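Asker: predicted model and sequence follow; I will ask about them next.
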Amino acid sequence: MFISPITVKHIERYRLAGNLISPGSRVLDAACGSGYGSAFLKDCDYVGIDLDGSVLQYAQQNYSGRFEQLPIQNVASLGNFDVIISFETLEHLDNPHEGMSALISCLEPGGKLILSFPLNHPDDIYHKTVFTSETVDKLLLDCYGSRVFERTNYYQANMLIDELKQDLSETEEGTLTVLLKEIVD
């Protein structure tokens, strides 16, 4: 069986997320695709959303959790979540700010967001936004509102993902994964 390098990179991000999520957490996986990420998120109340009904049908038949056909902008209809995951999603939206704000709006106080962004990756067919590390920073800061988050960056140039310990150049390609933990008093 062939597994594409893109799938291997996604699996590595789900493995990271699985290590960052506490058992019993209510987890939203926005743009969950075929649902295989749920297999890495054990002992949680998993909800996956996607726009593609055919992949959701596959997910429902092969993985545990709840799967809904729903755009990110309408995610508040599902209630609040302790953890929200969205891997390489916001670059596909006409308005990434609207999508990011929708995700933050349904995050429980003190919750976590785990997001990934392809950096400096133009895709004229599917990507509506080309993110750089600077535009990711701006997007996040614009959407926080009055909420305060502690941020940890991870970087994936190839298959493996590591905590980011250096600044990224504007031309460096790869995937930036961001862990945001809300700080509450």
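Answerer: Great, that's in hand.
Asker: going forward, measure contacts between C-alpha atoms and count neighbours the same way
Answerer: Will do.
Asker: and residue 138, which of the three is it?
Answerer: Assigned by DSSP: H, G, I helix; E, B strand; the rest coil, the conformation of residue 138 is helix.
Asker: oops, could you answer that again for residue 27 instead?
Answerer: Secondary structure, three-state DSSP: residue 27 is strand.
Asker: tell me the contacts of it?
Answerer: 44-47, 81-85 (Cα atoms under 8 Å, 6 or more residues apart in numbering).
Asker: recalculate using a threshold of 7 Å.
Answerer: The contact partners of residue 27, by Cα atoms under 7 Å, 6 or more residues apart in numbering, come to 44-47, 81-84.
Asker: so residue 8 sits in a helix?
Answerer: Yes. Assignment of residue 8 by three-state DSSP places it within a helix.
Asker: could you give the number of residues near it?
Answerer: Neighbours of residue 8 under the rule other Cα atoms under 10 Å: 14.
Asker: of the contacts of residue 27, which is the most crowded?
Answerer: Among the contacts of residue 27, the one with the most neighbours (other Cα under 10 Å) is residue 84, at 28 neighbours.
Asker: so that residue makes contact with residue 28?
Answerer: Yes. Using Cα atoms under 7 Å, residue 84 is in contact with residue 28, at 4.7 Å.
Asker: any low-confidence regions in the chain?
Answerer: Where the chain drops to pLDDT under 70, the residues are 1, 159-160, 165-166, 170-171.
Asker: which phi and psi does the spatially most central residue of it have?
Answerer: With distances taken as Cα atoms, centre = their mean, the chain has residue 86 as the residue nearest its mean C-alpha position (1.7 Å). For residue 86, the backbone dihedrals (degrees, to the nearest 10) come out as phi -150, psi 110.
Asker: over to the one 4 residues further on?
Answerer: When read as degrees, to the nearest 10, the backbone of residue 90 gives phi -60, psi -30.
Asker: so which residues of this structure form strands?
Answerer: 26-30, 45-50, 66-69, 81-87, 107-119, 149-156, 162-163, 174-182 (DSSP state E).
Asker: now those strands as TSV including distance to residue 13?
Answerer: Shown next, in TSV, are the strands of the chain (distance: least, Cα to Cα, whole Å):
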stretch	distance to residue 13
strand 26-30	12
strand 45-50	16
strand 66-69	20
strand 81-87	8
strand 107-119	8
strand 149-156	9
strand 162-163	10
strand 174-182	8
